[in-house]
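# structural data only, the sequence is not supplied:
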């Protein structure tokens, strides 16, 4: 067997280490070897020699200086600064130390400290002074002070016209001024004199990249790496270019080369994490980003990267915290502000998103993505015209911005010309391999009731859709919108046959199975997907939900949930599911403990904080809830919703003054938030300060754009005080000013009924529907009133109209099911309830109706099982237990019914239906 001989350098190193152990080292020889290694571009070799010296002579100043230089050239600026500071303390000449410290600080973007160093060097060696002046020029440029930078560079060039470093500094200033032609001319001159000048090639690459010449940028970066193999900036530029071109494998290969050359320096960790993200290895990206942040805790790119990774992991609160820290240091960082806006949009806080984007929108030069995000935020706030203007601006800046063009086309299709909007979407779909426009066409046609057109559009979009099962799943959605449940089922089964891991199809089929009273089949479907894709968290959670729907033992469910949490320890969603399962056992104390254990692992998770606070409120631990909601506010400092939870706790504590103050803070963040304004008015009134409440309303009524909302809230105040005519007048003024918040028309109608003016109420309803035939919310309210008045035919007419216009309106389907049940039409009732459950399978109100239908069909065990699920889902509503008692009576389970009714009876005045409870008990 042939032995492989180690390389000579490795043998020499081993011998050197052996000699150290035998006593003594030739320090002069080691320092000389280190200098030679630095000249030869081998900083890692120099580090070995210098550490060898310093192990025996830790106070050798020159060795400290050279070690700082070697670490700096190897890319570890932080470690370099430590060694350079030690060299200075050991008496090394400042003209040798300061230029290196300046370079290290520039690498860390600590520009102000560079300027402080320059001020210290006024009487130093001329060459050191010039080097510090150039460093100071770069620092001024980094701080956005180009004039100061230009003056310093000019001064250096006057003192030393042939200085290549000064000429490169001047070129960088030209690039900052967007004088790319001038910069290129300077670089070409430098490269003519020295074709191997790596920094010149690197700057040429940056210019090519700025001009969207990706191929040329790559070639120039490759030349920079070839001529400057120890230039970390050159390697970084090349890897960044490769990543932007989606050449992930080549970027990974180049990054591996960087690690060999520079070790685990921050730049290498940054790109390793970025590559992990591109490969979908989010947890590895998270680990690498954490390592990077420990090394450079205040670095802008490190903070941005871990925020981006947390965003991808679904952990919005820590992502927001990292971005807030970053923006506190660099408030104009556009990418960070854009990501923060996306986070706020995911948190349903469009006003905070707009505030995050405001500095970018006010800038002279803006990015298309900024306007697209602003448009989305404005659209969610209902400011349609302003949103449309932002989308148009995004398209002007980037004609290829398909998202904004699609949103504009959708706006046209839904509010303008339907044919024109769909035509625009079709053109976008044909011009791109991206399936979004095709999907938008389908959604638009379904919304307009053109189901045949929607199915045809799916056929056209199918080749571009990701995944084998998506097209059939979309077809199923169209069938379901038409009420064709059997066809929908076949299409989803075909989707799952083509792709056994396609979770959306499995979830929809499971919903249909449950609606058909087949929980075991639903469970089997989701179990199959979960086993086929064990790393898919959503599949595991879906299977868990199906097991819960099948009423498996609580202990087994909780054990499975704990296993999911162990496999996904950083998933706030998984932790939240576990807490909810514990809560289902009606053990509030245990649920609070579970939430606290989850927060010990994820202390800033907003969902868990809100859950813990809600549980503490439920357990009447109002002081503890108050503290929890304060933490929620810290986790989401720009969230009006979080502040409102804190205000709710303060109301429960009886601290109305604090609650009002907190609500006012929420109102500043989101001025038009209805529940905030309503609470403020209500708190004033509750404190007996009706005058203060009216004053607040008057102030709101005087602010442009808020008049309608203010009059609507005035109506709410007068209604609560039983001033029916004043309430009606306020609601009328709100409608006259375009107020559509909530159901103002419905409230005006209710105020007329409350005042005993039934004829006026009927006349108003008739006129309102004539003027607003598509106000389905108002028509639904009329259906509810008709139900309460026993006018079944009138109620059915209203709900049928709503269901026809809004196929996805589960509440309308549920009410039609109830009406059919009352009429004794069990077949029709079953059809309606199946449709409602397919749309909203976990809705207690719908499940309650299903239980009654099952009972009337003689399926008593199924009815009891369904109603027990209702009780678990809506445990704070005693009426659910009364309904369960009625079903138990129908199933002839007298003692169980008595137990339920007696439990409700113990609530006393907390439940207003005690007369019915007493009557039912008397029959047992």
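Great, that's in hand. A quick note: this is a predicted structure, and the numbers were derived from the prediction, not measured.
# use CA for all of it now, contacts and neighbours both
Fine.
# pLDDT weak spots in the stretch 1-150 of the chain?
Scanning the stretch 1-150 of the chain for pLDDT under 70 picks out 1-25, 118-124.
# now do the helices in it.
Secondary structure of the stretch 1-150 of the chain (DSSP state H, counting those that start in this stretch): helices at 8-23, 27-39, 43-56, 61-73, 77-89, 94-107, 111-120, 126-142, 146-159.
# closest one to residue 356 among the ones you listed?
Closest to residue 356 of those is helix 126-142 (C-alpha to C-alpha; 22.8 Å).
# now do the contacts for residue 74.
Residues near residue 74 by C-alpha atoms under 8 Å, 6 or more residues apart in numbering: 43-44, 230, 232, 261-263.
# can you list the domains in the protein?
1-92, 264-313, 485-545, 551-646 (automatic domain parsing).
# give me the distance between the two termini of the longest one.
The separation between the terminal residues of domain 551-646, taken as C-alpha to C-alpha, to the nearest Å, is 35 Å.
# quick check: mean pLDDT across that domain?
Averaging pLDDT along domain 551-646 yields 87.
# again, but for stretch 910-924
Averaging the model's pLDDT scores along stretch 910-924 yields 87.
# centre of the chain versus that stretch, how much separation?
Put simply, stretch 910-924 sits 48 Å off its chain's centre (C-alpha atoms, centre = their mean, to the nearest Å).
# same deal with stretch 629-649?
With C-alpha atoms, centre = their mean, you get 18 Å for stretch 629-649.
# rewinding a little: to residue 295, which of the helices of the stretch 1-150 of the chain lies closest?
Comparing the helices of the stretch 1-150 of the chain by C-alpha to C-alpha, helix 77-89 comes nearest, at 8.3 Å.
# give the buried residues for the closest one.
77-81, 83-88 (16 or more other C-alpha atoms under 10 Å).
# and for stretch 208-217?
Neighbour-count burial for stretch 208-217, counted by 16+ other C-alpha under 10 Å, picks out 208-209, 214, 216-217.
# same question, stretch 611-624
Those would be 611-617, 621-623, for stretch 611-624 by 16+ other C-alpha under 10 Å.
# run the chain-centre distance for stretch 236-249.
On C-alpha atoms, centre = their mean, the centre of stretch 236-249 falls 26 Å from that of its chain.
# average pLDDT for it?
Stretch 236-249 carries an average pLDDT of 91.
# which strands or helices does whichever strand or helix holds residue 458 pack on?
Per DSSP states H and E, residue 458 falls inside helix 451-461. Contact analysis of helix 451-461 by 3 or more C-alpha pairs under 8 Å, 6 or more residues apart in numbering; DSSP states H and E lists helix 436-447, helix 470-481 as its packing neighbours.
# follow-up on the earlier one: out of the buried residues of helix 77-89, who's nearest residue 632?
Nearest to residue 632 among the buried residues of helix 77-89 is residue 78, at 35.1 Å by C-alpha to C-alpha.
# could I get the contacting residues of the closest one?
Residues in contact with residue 78 (C-alpha under 8 Å, 6+ apart) are 104, 108.
# ok now the helix or strand harbouring residue 691, how far from the chain's centre?
Element membership of residue 691 [criterion: DSSP H and E] is helix 690-701. Relative to the chain's own centre, helix 690-701 is displaced by 37 Å; criterion: C-alpha atoms, centre = their mean.
# quick check: what element follows that helix along the chain?
Tracing the chain past helix 690-701, the next element assigned as helix or strand by DSSP H and E is helix 707-720.
# for that next one, buried residues please.
The neighbour-count check on helix 707-720 (16+ other C-alpha under 10 Å) flags 707-719 as buried.
# redo the residues you listed as a markdown table? Include pLDDT.
Below are those laid out as a markdown table (pLDDT from 0 to 100):
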| residue | pLDDT |
| --- | --- |
| 707 | 75 |
| 708 | 78 |
| 709 | 77 |
| 710 | 80 |
| 711 | 85 |
| 712 | 83 |
| 713 | 83 |
| 714 | 84 |
| 715 | 84 |
| 716 | 84 |
| 717 | 83 |
| 718 | 83 |
| 719 | 85 |
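# determine which two of these are furthest apart.
707 and 719 (18.2 Å).
# tell me if I'm right that residue 596 and residue 612 touch.
Yes: taking contacts as C-alpha atoms under 8 Å, residue 596 lies within contact range of residue 612: 7.1 Å.
# and residue 756, how many residues sit next to it?
Using other C-alpha atoms under 10 Å, residue 756 is surrounded by 12 other residues.
# for the nearest residue to residue 897 once chain neighbours are set aside, what are its contacts?
Among residues not flanking residue 897 along the chain, residue 885 sits closest, at 4.4 Å (C-alpha to C-alpha, 6 or more residues apart in numbering). Residue 885 sits next to 896-898, 900-901 when contact means C-alpha under 8 Å, 6+ apart.
# can you give me the strands for the protein?
With DSSP state E as the criterion, the chain has no strands.
# contacts only, for the spatially most central residue of it.
When C-alpha atoms, centre = their mean is applied to the chain, the residue found nearest the centroid is residue 343 (4.0 Å). For residue 343, the residues meeting the contact criterion (C-alpha under 8 Å, 6+ apart) are 311, 316, 320, 353.
# which one of those residues is nearest residue 892?
Taking C-alpha to C-alpha as the measure, residue 892 sits nearest to residue 316 out of the contacts of residue 343, at 51.1 Å.
# format the buried residues of helix 707-720 as TSV; extra columns: distance to residue 377.
Converted to TSV, the buried residues of helix 707-720 look like this (distance: C-alpha to C-alpha, whole Å):
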residue	distance to residue 377
707	22
708	21
709	20
710	23
711	26
712	24
713	25
714	28
715	29
716	28
717	30
718	33
719	33
